[in-house]
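A.B. asks: need coordinates for the below:
(chains A and B)
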Amino acid sequence: MLMKEQIDYLFEFCETKGVRYYDVQVELVDHMANGIEKELAEHPGFSFQKALEVVFASFGHSDFAPLVIEKRKATKIYSRRLWWSIFRQQLTWPVTWAALGVFLFIYWQLVIHDNDFVFRVSLFLGLIALFAIVIGGRRLKGLQKRTGKHFLLTNLTGLNPMLAYGNMSINYLISTRWSYPGHFSSLVYGTMLFAFFLMCLAHYRTVRRLEKQVEKDYPEIFTVA
Amino acid sequence: MPMNKSSLYKGCLEPIVLQLLQTHRRMYGYEITQTVKEITKGELQITEGALYPLLHRLEAKGLLEAEIQLADNRMRKYYSLTKAGKEKTKSAIGELQVFMQTLEHLINLKLA
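C.D. replies: Residues are numbered from 1 along each chain as shown, chains lettered A, B, ... in the order given. Predicted coordinates for the structure are as follows:
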């Protein structure tokens, strides 16, 4: 069995080979440690360094960058799936009724008010989106600060509410550019608002879920820090 | 000229890994590479560069779930099949068997 100093060295080795994310390093370190232990058992004359060279050569690359690229792609799929599942979970009856109430209120306001009101509502929603991103981002930065580690898992977090907001605003502007906002465009805008609220909430809850997952998976770095 | 076996096995890697996890309940990356090597007596060697992207992809799709535990002085990531993963294993093995039969049929036809 390798000593703690040798395991620590393997973490540093991963870092020099292009892996800065702790959640990726953990798996690579275990793999290399297993390989080194096997090499040392089969070739008693081997030094730790020699065994490491042999094991690293089996990866077939000069660094771990291709593995990180693949892992990044997989993480993106994972966080999007998580975001989507949280988004769907929110569609319970109480949330749906509450959102429907908000939707009807905004729809009614849009119908009876002018474009200035719409502008104010849009500005307010933009601030909500920004708030969701800033708070989520701060939580993830706090996680890095507490542990001193970077995590690929928390590097991407589903659909960005700011993008959703931008998209929604552009759609609304396009629909009202050549005509005064009527029932139909208000209906469309109200529906988008309903989805938008749930998107922002899902974004924040995704961040929280990923944060909790990191705490559950790597308790050792939380007890040390 | 010798044929590159890795390219022959490449398309079968996913069902192989899924089947192994079905049999062993949970495994970690290095264990998978060594088990395949042992079972095939060294005929098939799964490279790390092929295995880990596959495991991560299957995990991202919700076919595998991972559990991290302390083992031998370090953290170890164990993979196991989810419910969806178990269903996928059945269909992947079924497809592989049909493919093997078709291949066998083609080869026998050529030899006859």
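
A.B. asks: which bits of chain B sit near chain A?
C.D. replies: Taking CB under 8 Å from any CB of the partner chain as the contact definition, chain B meets chain A at B:28-30, B:47-49, B:52-53, B:56-57, B:59-62, B:66, B:68, B:70-77. Glycine gets a C-beta too; all of them are placed from N, C-alpha and C.

A.B. asks: which among those count as buried?
C.D. replies: Neighbour counting by 16 or more other CB atoms under 10 Å in any protein chain shown classes B:28-30, B:48, B:52-53, B:56-57, B:59-62, B:68, B:74-77 among those as buried.

A.B. asks: narrow the residues you listed to those in helices?
C.D. replies: Under the assignment DSSP state H, those contribute B:29-30, B:48, B:52-53, B:56-57, B:59-60 to helices.

A.B. asks: where does chain B have low pLDDT?
C.D. replies: B:1-7, B:110-112 (pLDDT under 70).

A.B. asks: in it, which helix is the longest?
C.D. replies: Taking DSSP H as the criterion, chain B has its longest helix at helix B:83-111.

A.B. asks: return the helix or strand in chain A with minimum mean pLDDT.
C.D. replies: helix A:161-177 (a mean of 62; mean pLDDT, DSSP states H and E).

A.B. asks: give me the three-state assignment for residue B:13.
C.D. replies: helix (DSSP: H, G, I helix; E, B strand; the rest coil).

A.B. asks: what about it, how many residues close to it?
C.D. replies: Neighbour count of residue B:13, defined by other CB atoms under 10 Å in any protein chain shown: 17.

A.B. asks: tell me which residues touch it, please.
C.D. replies: Residue B:13 makes contact with B:46, B:50-51, B:54 under the criterion CB atoms under 8 Å, 6 or more residues apart in numbering or on different chains.

A.B. asks: can you lay out these as TSV showing neighbour count?
C.D. replies: As requested, the contacts of residue B:13 are exported to TSV (neighbours: other CB atoms under 10 Å in any protein chain shown):
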residue	neighbour count
B:46	23
B:50	18
B:51	19
B:54	19
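
A.B. asks: possible to save the residues you listed as JSON lines with distance to residue A:152?
C.D. replies: Listed next are the contacts of residue B:13 as JSON lines, based on distance: CB to CB, whole Å:
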{"residue": "B:46", "distance to residue A:152": "23"}
{"residue": "B:50", "distance to residue A:152": "19"}
{"residue": "B:51", "distance to residue A:152": "18"}
{"residue": "B:54", "distance to residue A:152": "17"}
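
A.B. asks: please, which helix or strand holds the residue nearest to residue A:2 when sequence neighbours are not counted?
C.D. replies: Among residues not flanking residue A:2 along the chain, residue A:33 sits closest, at 5.2 Å (CB to CB, 6 or more residues apart in numbering or on different chains). Under the criterion DSSP states H and E, the helix or strand holding residue A:33 is helix A:22-42.

A.B. asks: for that helix, which positions count as buried?
C.D. replies: A:22-37, A:39-40.

A.B. asks: ok, now stretch A:81-99?
C.D. replies: For stretch A:81-99, the neighbour count (16+ other CB under 10 Å) marks A:82-83, A:86-87, A:90, A:99 as buried.

A.B. asks: now the two most distant members of the residues you listed.
C.D. replies: Farthest-apart pair in those is A:82 and A:99; separation 21.0 Å (CB to CB).

A.B. asks: okay, helices next: where are they in chain A?
C.D. replies: Taking DSSP H as the test, the helices found in chain A are A:4-16, A:22-42, A:48-57, A:65-89, A:93-112, A:115-147, A:161-177, A:183-217, A:219-224.
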